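Trainee: take a look and give me a structure for this.
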Amino acid sequence: MATVRKLIVEVVDARNLQPKDGHGTSSPYVVVDFYGQRKRTKTAIRDLNPTWNEVLDFNVGGPSDVFGNMLEIDIYHDKNYGPTRRINFLGRVRLNSSQFVKKGEEALMYFPLEKKYFLSWIQGELGMKIYYVDEVVPPPVPPPKPLPHVEEVCKPDETTAPQPTPEAPLAESETQPKNEPPAETAAANEKSPPSEPPDPQSDTAATPMEATTTPPLATAIDRPEPEQQPESETAASPPTPKVEIDEPSKSIRAPEVMASSVPGAVSQTSVAGGLSPPPPLPPLPTARNFSTASTESVPIERTSFDLVEKMHYIFVRVIKARSLPTNGSPVVQIAVPGSRVFSKPARKTAFFEWDQTFAFGRDAPESSSILEISLWEKPSSNPQVPMQQFLGGICFDVTEIPLRDPPDSPLAPQWYRLEGGGVHMGDLMLATWIGTQADESFPDAWLTDTAGKINSRAKVYLSPKLWYLRATVLEAQDILPPLTSPPSKEMSFQVRAQLGFQVLKTKAIISRNGSPSWNEDLMFVAAEPFSEHVVFTLEHRLSKGLATVGITRVPLTSIERRVDDRKVAARWFSLEEPKGDEKRVYGGRLQLRLCFDGGYHVMDEAANVSSDYQPTAKQLWKPPVGTVELGIIECKNLLPMKTVNGRGSTDAYAVAKYGPKWARTRTVSDSLDPRWNEQYTWKVYDPCTVLTVGVFDSSGATESAESKEAARPDFRIGKVRIRVSTVKTGRVYRNTYPLLVLTHVGLKKMGDIELAVRFVRSTTTLDVLHMYTQSILPLMHHIQPLAVGNQEMLRSTAVKIIAAHLSRAEPPLRREIVLYMLDADSYAFSMRKVRVNWFRIINVIARLIDVVRWIDDTRSWKKPTATVLVHALLVVLVWFPDLIVPTLAFYVFVVGVLKYRFRSRDPLPHFDPKISLAESIDREELDEEFDAVPSNRPPDVVRGRYDKLRTLGARVQTALGDLAAQGERVQSLVTWRDPRATALFVGLCLVVAVTLYLVPSKVAAMALGFYYLRHPLFRDRAPSPALNFFRRLPSQSDRIL
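Mentor: Numbers count the residues shown, from 1 in each chain. Now for the predicted structure:
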């Protein structure tokens, strides 16, 4: 059934508006304009924080050069209230249609009001809910009998608008054949359902759109010219069903209507005659001028495949056959040199139907061969059973098969007469052509390099849309302990919340009156669509265990969504009996505050290698800054991953992940040098993200029902990470990357993969550079930050949900693949990673150490010329301190320019075994890194690891103690713990203060500089007095047991 898309704008309220009526207040109303349609709300009289709660709906049309895809909301002051006689502007909000969501995902959002002009004085916020709905178009209403009384009813209002001349309808009606309905009737079936009549108060600012949304018959009775609609609105909105009235004037297309009204006055309508009517528009029930596809149904982008090499295939599409001398289910055999395949058994209808496509690889399109297509009667679907009867066949010369390359149209199938066998009048409908992997039939075709396995096809997956569910447990009232519990004055209660496999508990609260209070937040991860319940169980803690007091279940579909930090109203939920068979009149109640936090980004990857930072709520998404294109070309020199028929084999496929979109290439069977040449595209919302590509060996490509390896996992071959910010705009990076895997026995190179990457910018350079000044995570992560431990727990939960969701797809993306791509074990303990991070810290502070060494060399006069220049620079900077900051900035600039000349010419950065310390690693540390938690190693091995960890902990303990001691010495300068040291320090501070009061600061700074840079002949080899004094200060180390 046809549907019409409508945009719904719920104008809720506004806050802190600007007073514009001259008496310190305003009487605001809202005007919403979308796609040439304009509607307004009622007027809130003298209210700076008005509340409207009105719903305005708009028809969504197709793309237009006249109307943009912007939704504009303006707030005005009504001049009928207050001494002012001007319609003062109070602010506006402009939204792009890409921010709209479907019904069910909407949330109340407050938008700051914008200025119309630079000098406008605007303040306040406007709260709205914006979403779209698909309404079903009812079947056309049969034409009623002529209504002669309609004209009589309309006569009293004829003065509001002039009637069209009678010659126009007569002339137009004569041009239509008598056996065809008028043009208005032909378009009646393509119109959208009429909406409700506008509010009487909103008629004071009636618009052409409001006139068109009125039911036609009611309009004909209440208004003088119901059929007259503006041309612009007829083109902008989908047509609406209209009741046909058999009158000559109804067959004319209405001229343009211009409506104007003044509050409190009668609406005036004028008709601009003499305009030629535009041609009737086709129905647009599915046309959309904004992106309405959610993350669950994103279409696969068609690319030009310009990053990869073209691979030519012979495509054969077998559709159906007729007039075959058999009553069974024949099969089609397709044979080319080096390959022979069979189709599935035919479906017996009026024809023998297959509708199956085959693709046979070719090294070169000009190589000559013969394509044989034959029909056979086969008694069984078992491939071991031989054919029984030959029914006929066709032969094609491959050199005469047409070459097709998109965007060419698909080749139309034809009937071919079968030759040979027992067929005399049999025909086979098929189409054959030579194409590439860019052909639209390629993803679902039977491929020679995949051995025809259905699970070996290339697919695109989407991660489920994840939300953070915040459950705030506030308090409980009228709680009675179970009858089995012993009587006690003080009772301890806790709440256990469960959502799927997620179980969280509040802290235990002691209550004496049966009304415990917690006020504690519990965070869950929920995936759309919401079909589960979150279960809250109130438990009574006893010495012998826990006793359940009551249970309440809340469906996820009833929980409110929010996109900011506003408070959500708390609700009371009655507690039910745990078993459900016992009934009580009243068992207490539990107060909860539940909401879905759409302002957070649900982390499923590690923060430093994440591919997406977008918040869950689509309303908060920013426009994309570009697209990243990935071409997965081939792998070379892969190692055999399994043994098939006594020889090594690998069934390799690649998986690419960026944002919520996963791309899986086809599985190339039994090849150590697989070639895919597949290309995928992703939208980029933040350039500082990472694209991950992994290669795996499929276990399902060769498994059988009797094989014990059917349940084995898909082994990892390796992966590559590419940071999008390191890719220059428009440049193609085609490089070969090593596939490295860290195994129990050490680092192992599994082969090489060739990739092509390109980043295409869709916005201006300034917009891309502006992204670097924005926060990486959404604003809610800074307003209400999540605890570090809570973040890791939520990330682990999100990974499990995504893995379970993708493993249910067809073909499934297996759990071990998702865990490997998302680095689910990245936070596991590893001594190797501890040493890696330590060396990273040393490498970072090495620059600072080099600066300290250079200063020490300068003051030691190892290079006299440099020391003299430093003295001169010191004099200049002391006497002209304004040059300090510019000099430092210019020095950094010069260093950056010099570094640009010596920048790395290597391909895009990827895994570095040297930095990872993977080339020389201890076997014991590797075994510990791959050990599970809890450990399953022998006790002696675990004891050895523990002793080693204790040794490392002792070193860390000493370093922390030394750091604490230095800080305590600084504190002891003025605490008088050592009276003599504190007196000396305080007296020295007094001398310094008096000296600096009397001596100019520039002179003092220069004197200190020259004293520090004095020649070694005037310097003692012992430490300085200041350092000796600091080391003698007391600390708390001597007070620790």
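
Trainee: contacting residues around Q614?
Mentor: Contacts for Q614 (CB atoms under 8 Å, 6 or more residues apart in numbering) come out as 601, 620-622, 659, 685-686, 778. (C-beta placed from N, C-alpha, C; glycine too.)

Trainee: wasn't it part of a strand?
Mentor: No - counting by DSSP: H, G, I helix; E, B strand; the rest coil, Q614 falls outside a strand, being coil.

Trainee: show the buried residues in the contacts of Q614.
Mentor: The neighbour-count criterion (16 or more other CB atoms under 10 Å) marks 601, 620-621, 659, 685-686, 778 among the contacts of Q614 as buried.

Trainee: so where do the strands sit in the stretch 401-550 of the chain?
Mentor: When secondary structure is read from DSSP state E, counting those that start in this stretch, the stretch 401-550 of the chain shows strands at 414-417, 427-435, 446-447, 459-462, 466-477, 491-499, 502-505, 509-511, 517-527, 533-542, 545-555.

Trainee: out of the buried ones among the contacts of Q614, flag the one nearest to K129.
Mentor: L620 (14.1 Å; CB to CB).

Trainee: what pLDDT does the closest one get?
Mentor: On the pLDDT scale, L620 is placed at 89.

Trainee: you'd agree it is up against D597?
Mentor: No - when contacts are counted by CB atoms under 8 Å, L620 is not listed as touching D597 (11.4 Å).

Trainee: run a quick neighbour tally on the nearest residue to R647 once chain neighbours are set aside.
Mentor: Closest residue to R647 in three dimensions, ignoring its sequence neighbours and counting by CB to CB, 6 or more residues apart in numbering: P640, at 7.9 Å. Neighbourhood size, P640 [other CB atoms under 10 Å]: 12.

Trainee: picking up where we left off before, and of the strands of the stretch 401-550 of the chain, who's closest to A1004?
Mentor: Per CB to CB, nearest to A1004 of the strands of the stretch 401-550 of the chain: strand 517-527, 55.7 Å.

Trainee: given the closest one, what are its sheet partners and their directions?
Mentor: Next to strand 517-527 in the sheet, as set by DSSP bridges, lie strand 466-477 (antiparallel).

Trainee: before we move on, the earlier item: which one of the contacts of Q614 sits closest to L873?
Mentor: Nearest member of those to L873, counting by CB to CB, is D686, at 41.8 Å.

Trainee: helix, strand or coil for that closest one?
Mentor: D686 - assigned by three-state DSSP - is coil.

Trainee: repeat for the one 10 residues further on
Mentor: Classification of F696 by three-state DSSP places it in strand.

Trainee: what's the angle between the helix or strand that contains W354 and strand 427-435?
Mentor: According to DSSP states H and E, W354 maps onto strand 352-362. Per axes from the mean of the first three to the mean of the last three CA atoms, to 10 degrees, the angle that strand 352-362 makes with strand 427-435 is 30 degrees.

Trainee: may I have the strands that pair with the helix or strand that strand 352-362 is followed by, each with its orientation?
Mentor: Downstream of strand 352-362, the next assigned helix or strand under DSSP H and E is strand 370-377. In the sheet, strand 370-377 lines up against strand 331-336 (antiparallel), strand 389-397 (antiparallel) (DSSP bridges).

Trainee: ok, residues contacting strand 370-377?
Mentor: 314, 316, 318, 321, 324, 326, 328, 330-337, 342, 387-398, 401, 418, 421, 423, 426, 428, 430, 432.

Trainee: could you rerun that using 7 Å?
Mentor: 314, 316, 321, 324, 326, 328, 330-336, 387-398, 418, 428, 430, 432 (CB atoms under 7 Å, 6 or more residues apart in numbering).

Trainee: ok, now stretch 403-412?
Mentor: For stretch 403-412, using CB under 7 Å, 6+ apart, the contacting residues are 365, 402, 431, 433-436, 438-440.

Trainee: quick one: pLDDT of P164?
Mentor: P164 is given a pLDDT of 41.

Trainee: just the strands in the stretch 901-1041 of the chain please.
Mentor: Under DSSP E, counting those that start in this stretch, the stretch 901-1041 of the chain gives no strands.

Trainee: the longest helix in the chain is where?
Mentor: helix 939-971 (DSSP state H).

Trainee: thinking again about what came up before, nearest to G22 among the contacts of Q614?
Mentor: L620 (38.0 Å).

Trainee: could you dump the strands of the stretch 401-550 of the chain to TSV with mean pLDDT?
Mentor: Listed next are the strands of the stretch 401-550 of the chain as TSV, based on pLDDT from 0 to 100:
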stretch	mean pLDDT
strand 414-417	89
strand 427-435	90
strand 446-447	82
strand 459-462	92
strand 466-477	94
strand 491-499	91
strand 502-505	94
strand 509-511	87
strand 517-527	94
strand 533-542	90
strand 545-555	88
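
Trainee: winner for burial among these?
Mentor: strand 446-447 (a mean of 23; mean count of other CB atoms under 10 Å).

Trainee: give me the contact list for that strand.
Mentor: Contacts for strand 446-447 (CB under 7 Å, 6+ apart): 341, 356-359, 452, 666.

Trainee: how far away from the center of its chain is it?
Mentor: 33 Å (CA atoms, centre = their mean, to the nearest Å).

Trainee: just checking: what are the partner strands of it?
Mentor: Strand 446-447 has these strand partners (DSSP bridges): strand 352-362 (parallel).

Trainee: export the buried ones among the contacts of Q614 to TSV and tack on distance to V30 and secondary structure?
Mentor: Shown next, in TSV, are those (distance: CB to CB, whole Å; DSSP: H, G, I helix; E, B strand; the rest coil):
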residue	distance to V30	secondary structure
H601	32	coil
L620	22	helix
W621	24	coil
G659	35	coil
Y685	31	coil
D686	34	coil
P778	28	coil
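
Trainee: would a markdown table of these with distance to E792 be doable?
Mentor: What follows is the buried ones among the contacts of Q614, written out as a markdown table (distance: CB to CB, whole Å):
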| residue | distance to E792 |
| --- | --- |
| H601 | 15 |
| L620 | 24 |
| W621 | 26 |
| G659 | 21 |
| Y685 | 24 |
| D686 | 22 |
| P778 | 19 |
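
Trainee: from those residues, pick the one nearest A569.
Mentor: L620 (22.0 Å).

Trainee: so what's that closest one closest to, chain neighbours aside?
Mentor: Using CB to CB, 6+ apart, the nearest residue to L620 is V563, at 5.8 Å.

Trainee: in contact with that neighbour, which residues?
Mentor: V563 neighbours (CB under 7 Å, 6+ apart): 107, 109, 598-599, 617, 619-620.

Trainee: same check, this time on A1026
Mentor: Here A1026 is in contact with no residue (CB under 7 Å, 6+ apart).

Trainee: which pLDDT value belongs to it?
Mentor: The model's pLDDT for A1026 equals 89.

Trainee: in which helix or strand would I find H770?
Mentor: helix 765-771.

Trainee: residues in contact with that helix: which ones?
Mentor: With CB under 7 Å, 6+ apart as the criterion, helix 765-771 contacts 625, 686-687, 761.

Trainee: let's see it at 6 Å
Mentor: V625 (CB atoms under 6 Å, 6 or more residues apart in numbering).

Trainee: quick check: mean pLDDT across it?
Mentor: Here the average pLDDT along helix 765-771 is 89.

Trainee: neighbours around P143, how many?
Mentor: For P143, using other CB under 10 Å, the count is 13.

Trainee: tell me the pLDDT of it.
Mentor: Note on P143: pLDDT of 70.

Trainee: so it sits in a helix?
Mentor: No - assignment of P143 by three-state DSSP gives coil, placing it outside any helix.

Trainee: residue ranges in the stretch 651-800 of the chain under the pLDDT threshold?
Mentor: Where the stretch 651-800 of the chain drops to pLDDT under 70, the residues are 700-711.
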